[in-house]
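Asks: With the sequence up front, the predicted model follows.
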Amino acid sequence: MNESAIQAQILGYLRLKRIFAWRNNTRTVFVGGRPLKFGVEGGGDIIGVLPGGRFLSIEVKRPGGSTTKKRAEKQREFLNTVNESGGLAITARSVEEVMEAIDA
């Protein structure tokens, strides 16, 4: 299963749980030859707000998938910052991992 399919499953589950969440796109595009960045570097693929106002960030990976060393480092930094700030940030390879984290 690819990342897009896993993301769709996770977003569907979050909707069923009535958790406000959305797909977080981060990109760099070039406009007139200059780079324009969207999103926070290392930010999760899915961002949301849990009941009670707790911030949610989910980095989605396909089973066996990996990223470049630099990108993985930025993603870990983001996840750690969210968790240290009282939010819930996880890396998930399936909707079941998200269910476990939210229900814990």
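Replies: Ah, there it is.
Asks: Please make it C-alpha for all contacts and neighbour counts, starting now.
Replies: Will do.
Asks: can I assume Trp22 is in contact with Leu56?
Replies: No. When contacts are counted by Cα atoms under 8 Å, Trp22 is not listed as touching Leu56 (10.3 Å).
Asks: So which of those two has more stuff around it?
Replies: The residue with more neighbours, out of Trp22 and Leu56, is Leu56; 23 against 16, by other Cα atoms under 10 Å.
Asks: thinking again about what came up before, overlap in contacts of Trp22 and Leu56?
Replies: Counting by Cα atoms under 8 Å, 6 or more residues apart in numbering, the shared contacts of Trp22 and Leu56 are 46-48.
Asks: Now, these that are in strands?
Replies: 46-48 (DSSP state E).
Asks: filter the shared contacts of Trp22 and Leu56 to the buried ones?
Replies: 46-48 (16 or more other Cα atoms under 10 Å).
Asks: could you measure Val31 against Lys37, distance?
Replies: Counting by Cα to Cα, to the nearest Å, the separation of Val31 from Lys37 is 10 Å.
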